[in-house]
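**Q** Provided below for reference: sequence and predicted model.
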Amino acid sequence: MSKVNVLFVCLGNICRSPLAEGIFRQRVNEKGLSGRFEMDSCGTAAYHIGKHPDSRSVANAKQNGVRYDHYARQFEVKDFYDFDFIIPMDDANYEDIVSLRPKGAKAEVFKMRYFDTLEINSDVPDPYYGGEQGFQEVFDILNRSVDELIEYLLGKSNK
């Protein structure tokens with residue numbers, strides 16, 4: 001069975017999307033599914049290419065038992081062919097990605113909060129200009145969405 005390739009996307013690739021990737025990776029490993037998935041994250045903007053994730057996001061994740069590392073990169077059109085699922089964090093990034101979609105691209109695109117058990121299909125808020133509470137809110141949203149996402153992806157890949 002081939003691996004399912006998943007790409008998480010936010011604006012700068014230093015807060016939300018690398019955290020989503022980190023939580024997803026940890027949960028996949030905990031479930032013994034690491035052989036089933038490949039994952040990455042990126043941003044639609046070029047603000048932070050080559051930089052590590054925001055230190056506040058990393059610290060918050062660590063407080064919640066998740067460790068991750070990443071170097072920011074920008075979304076590329078080739079990602080439509082390299083990934084099976086592209087998962088933006090909000091409407092703006094969703095629209096940016098969909099506007100770049102070439103005809104015949106294989107990747108499915110849907111927002112992360114499509115899988116949120118409390119508030120379906122709204123945005124994962126950007127915590128960059130806020131305080132610790134914003135980073136915890138983002139962690140909580142992503143943490144509760146990941147299990148539903150994994151189940152959905154497993155269901156899609158078993159068909």
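**A** On my side now, so go ahead. Every value quoted in this text rests on a predicted model; they were computed, and no experiment measured them.
**Q** give me the low-pLDDT residue ranges for the chain?
**A** In the predicted model, the chain carries pLDDT under 70 at residues 1, 159.
**Q** which residues in it form helices?
**A** In the chain, helices defined by DSSP state H lie at 16-30, 55-63, 79-82, 91-100, 132-157, listed in chain order.
**Q** Serialize the ones you listed to a markdown table and add fields for distance to residue 73.
**A** C-beta: built from backbone N, CA, C; applies to glycine. Output for the helices of the chain, formatted as a markdown table (distance: least, Cβ to Cβ, whole Å):
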| stretch | distance to residue 73 |
| --- | --- |
| helix 16-30 | 10 |
| helix 55-63 | 16 |
| helix 79-82 | 10 |
| helix 91-100 | 14 |
| helix 132-157 | 19 |
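**Q** could the ones you listed go into CSV alongside mean neighbour count and distance to residue 119?
**A** Below are those laid out as CSV (neighbours: other Cβ atoms under 10 Å; distance: least, Cβ to Cβ, whole Å):
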stretch, mean neighbour count, distance to residue 119
helix 16-30, 23, 15
helix 55-63, 17, 20
helix 79-82, 16, 27
helix 91-100, 16, 14
helix 132-157, 17, 8
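**Q** Ok, which of these comes nearest residue 106?
**A** Nearest of those to residue 106, taken as Cβ to Cβ: helix 79-82 at 6.4 Å.
**Q** Could you report the neighbour count for residue 74?
**A** 16 (other Cβ atoms under 10 Å).
**Q** Look up the residues forming beta bridges with it.
**A** residue 43 (DSSP bridges).
**Q** you'd agree it is up against residue 41?
**A** No: look at residue 74 against residue 41 with Cβ atoms under 8 Å: they stay out of range, at 11.2 Å.
**Q** got the contact list for residue 66?
**A** 19, 22, 23, 26, 139 (Cβ atoms under 8 Å, 6 or more residues apart in numbering).
**Q** let's go with 10 Å and repeat that
**A** Contact analysis of residue 66 by Cβ atoms under 10 Å, 6 or more residues apart in numbering lists 19, 22, 23, 24, 25, 26, 27, 58, 60, 139, 142, 143.
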